[in-house]
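Asks: Predicted structure and sequence below. I'll ask about it afterward.
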Amino acid sequence: MCIRDRIYTLTLNPAVDYVVHIPELVSGTIMRGDCGAVYFGGKGINVSRVLSELDVKSVATGFLAGFTGRAIADDLKSCGIEGDFVFLDSGFTRINVKIRTGSETDINACGQNVPRDSVRELICRLERLGGGDVVIMSGSAPKSDAGDIYELAADVVSRRGAKIVADTDGQELLRLVRYSPVLIKPNADELGQMLGCRISGLSDAVEGGRRVLKMGARNVLVSLGGDGAVLLTERGEQIYEPAIKKAGRVDSVGAGDSMLAGFVAGYMKTKSPLSAMKFATAAGGAAAFCEGLPGKEEILGIICSMSD
């Protein structure tokens, strides 16, 4: 795997996440939350944020709209993350509600329809990519009259000689493997969706990952939640890292995005898949034990503890 020039994160369906904590969820009543927090993101944007924490620069791109879109853009700018978004002429970037009662209940909005002209503008921007660039495609895709936006983007990225990293849903990943992504990162459920079978453990994940390599993906990183993660490489390597085990798990939101960012940052720093897996596991683990995304100190602290 080779990453030389610029990293772009492509978030087609960003979101403002409103997290509210309540003692219990009772339908049909008015409830007051104990506390709340707002996070500006979407999966690709989350990857950019964690990359920034690990001193890796990226350009965040995709679609934004309205007051919520402007809030996301302003927040990224304040964090020193470069943005190159296409702003839609109407509507607003979706708002998701995350309810925490000791368990996690998420209400994710679908996002608005993206018009053809806006898709065309995004594709024109991708035409500027170079052969050493990497585009990380993350998250769900909004509806559009232009068709499958990820496939349109993957086609131009591939033609420009840039590299694709993909972390979308299983069916979208299945369509993207024909563009020979340098890395895909499904979880067990998404890998099962790709292959039409149930992935129930490490051995299933390894077998499924090898099948996906034969389909065209060059490297496959399968996240297994509490069972860790496994990397299958184009060189035939199989690298397993167990999950971080400690008390005080807070939230799983952003754990997969943090894992992907950790892997990319770790590989850029070391050029070693083994070291990259340690970064990935540490970043994903750190995310599970904080609300929001993990910072540099939390991630590096876990990496140090893994080396002890």
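Replies: Alright, I've got the coordinates. Numbering: from 1, shown residues only.

Asks: quick one: the helices in the stretch 1-150 of the chain?
Replies: 43-53, 66-78, 116-126, 149-159 (DSSP state H, counting those that start in this stretch).

Asks: Let me know which of these is the nearest to Val135.
Replies: helix 149-159 (5.0 Å; CB to CB). All C-beta spots, glycine's among them, are computed from the backbone N, C-alpha and C.

Asks: buried sites along that closest one?
Replies: For helix 149-159, the neighbour count (16 or more other CB atoms under 10 Å) marks Ile149, Tyr150, Leu152, Ala153, Ala154, Val156, Val157, Ser158 as buried.

Asks: ok, back up a step: make a markdown table out of the helices of the stretch 1-150 of the chain and add mean pLDDT and distance to Asp106.
Replies: Converted to a markdown table, the helices of the stretch 1-150 of the chain look like this (pLDDT from 0 to 100; distance: least, CB to CB, whole Å):
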| stretch | mean pLDDT | distance to Asp106 |
| --- | --- | --- |
| helix 43-53 | 97 | 13 |
| helix 66-78 | 97 | 17 |
| helix 116-126 | 97 | 27 |
| helix 149-159 | 96 | 22 |
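
Asks: and of these, who's closest to Arg175?
Replies: helix 149-159 (5.8 Å).

Asks: Outside of that closest one itself, list whatever touches it.
Replies: The contact list for helix 149-159 (CB atoms under 8 Å, 6 or more residues apart in numbering) reads 10, 12, 114, 119, 122-123, 126-127, 129, 135, 137, 141-142, 146, 163-164, 168, 172, 175-176, 179-181.

Asks: what's the very next helix or strand once past that helix packed up against?
Replies: Beyond helix 149-159 on the C-terminal side, the first helix or strand identified by DSSP states H and E is strand 163-167. Judged by 3 or more CB pairs under 8 Å, 6 or more residues apart in numbering; DSSP states H and E, the packing partners of strand 163-167 are strand 134-138, helix 149-159, helix 170-176, strand 183-184, helix 255-270.

Asks: would you turn the ones you listed into CSV with distance to Pro242?
Replies: Listed next are those as CSV, based on distance: least, CB to CB, whole Å:
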stretch, distance to Pro242
strand 134-138, 24
helix 149-159, 32
helix 170-176, 24
strand 183-184, 21
helix 255-270, 13
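
Asks: For Gly91, find the nearest of the ones you listed.
Replies: Checked against CB to CB, the stretch from these lying closest is helix 149-159, at 16.1 Å.

Asks: May I have that closest one as CSV, with CA atoms only?
Replies: Extracted in CSV, the C-alpha atoms of helix 149-159 (Å, rounded to 0.1, in the frame of the first residue of the first chain):
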residue,chain,number,x,y,z
ILE,A,149,-22.5,9.2,-6.3
TYR,A,150,-19.9,6.9,-4.8
GLU,A,151,-19.6,5.1,-8.1
LEU,A,152,-19.4,8.3,-10.1
ALA,A,153,-16.6,9.5,-7.7
ALA,A,154,-14.8,6.2,-7.7
ASP,A,155,-14.7,6.2,-11.5
VAL,A,156,-13.1,9.6,-11.7
VAL,A,157,-10.7,8.9,-8.8
SER,A,158,-9.6,5.7,-10.5
ARG,A,159,-9.2,7.4,-13.9
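
Asks: which residues of the protein score low on pLDDT?
Replies: The chain contains residues with pLDDT under 70 at 1-4, 246-252, 307-308.

Asks: looking at the helices and strands packed on strand 163-167, which is closest to Leu64?
Replies: Nearest of the helices and strands packed on strand 163-167 (CB to CB): helix 149-159, 14.4 Å.

Asks: What separation is there between Leu274 and Gly208?
Replies: Leu274 sits at a distance of 21 Å from Gly208 (criterion: CB to CB, to the nearest Å).

Asks: more neighbours, those two?
Replies: Neighbour comparison, Leu274 and Gly208: the larger count goes to Gly208, with 22 against 12 (by other CB atoms under 10 Å).

Asks: what about Ser103, how many neighbours?
Replies: Ser103, neighbours per other CB under 10 Å, totals 8.

Asks: Gly170 now?
Replies: 16.

Asks: ok, it touching Gln193?
Replies: Yes - using CB atoms under 8 Å as the test, Gly170 is close enough to Gln193 to be in contact (2.5 Å).

Asks: Let's have the buried residues of helix 149-159 in a markdown table, adding distance to Gly254.
Replies: Output for the buried residues of helix 149-159, formatted as a markdown table (distance: CB to CB, whole Å):
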| residue | distance to Gly254 |
| --- | --- |
| Ile149 | 23 |
| Tyr150 | 21 |
| Leu152 | 27 |
| Ala153 | 23 |
| Ala154 | 24 |
| Val156 | 28 |
| Val157 | 25 |
| Ser158 | 28 |
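
Asks: Pull the most distant pair out of those.
Replies: Farthest-apart pair in the buried residues of helix 149-159 is Ile149 and Ser158; separation 14.7 Å (CB to CB).
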